[in-house]
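In: output the structure for:
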Amino acid sequence: IYRHVTLGEYAAEQLFSLDPFNTGHYVQLSNLYASSRLWDSVAKVRILMREKGLSKDLGYSLIEINGKLQAFRVGDKSHPRFKEIFEELESLERRLKEAGFIPHIESVLHDLNQKRRKNLCNHSERLAIAYGLISTAPGTTLRITKNLRACINCHSATKLISKLVNREIVVRDANRFHHFKNGVCSCRDYW
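Out: Residues are numbered from 1 along each chain as shown. Model (predicted):
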């Protein structure tokens, strides 16, 4: 259904008839509209969700370091090492920018102010990656589990991060395993 709006709408109708209260179906349709820049349709799906009393599941990522599981949410500052984590994130963002990375904001949100644009860097998997980098020896593979599908921006950034830090990064999201190595993902950018 990758960016095929008509087919996606048909699939969504079928899913809604089977399970009208599954938020994932609505979020997928909204994401399809967003990736196709159909902002009025995105708004209609969000209104429909509100009318049905549905809300999007909160995303989180998990990483195990030294036998301890660490959980992160978007912009999470609850970790005892959050200052170090955010310093590492800022360093990664600088390196990404220097390497020519351009965030994929068009399919995430259509009206981003500077604060919301910065939040794209603070998605849960990016926090888990930063924590993994400051908590493990160079060359250690990072293994992360995410409860939702990775956004295109984080997927693209993680590819480049794997190359910049010379690490393998394995992310299990809601759809599949992504094995990032030397700037390439095993899904070949189709997920």
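In: you'd agree Glu93 is up against Arg126?
Out: No - with contact defined as CB atoms under 8 Å, Glu93 does not reach Arg126; the gap is 9.0 Å. For glycine as for every other residue, the C-beta is placed from the backbone atoms N, C-alpha and C.
In: domain parsing for the chain?
Out: Following automatic domain parsing, one gets these domains for the chain: 5-51, 60-185.
In: for those, which one ends up most surrounded?
Out: With neighbours defined as mean count of other CB atoms under 10 Å, those peak in mean count at domain 60-185, which reaches a mean of 17.
In: how far off centre is that domain?
Out: 8 Å (CA atoms, centre = their mean, to the nearest Å).
In: tell me the average confidence for that domain?
Out: In this model, domain 60-185 has an average pLDDT of 89.
In: just the terminal-to-terminal distance for that domain.
Out: With CA to CA, to the nearest Å applied, domain 60-185 spans 21 Å between its terminal residues.
In: next, Glu13: secondary structure please.
Out: helix (DSSP: H, G, I helix; E, B strand; the rest coil).
In: ok, now how distant is it from Ala99?
Out: 42 Å (CB to CB, to the nearest Å).
In: try Cys154
Out: Counting by CB to CB, the gap from Cys154 to Ala99 is 16 Å.
In: ok, Ala71 next?
Out: From Ala71 to Ala99 the distance is 29 Å (CB to CB).
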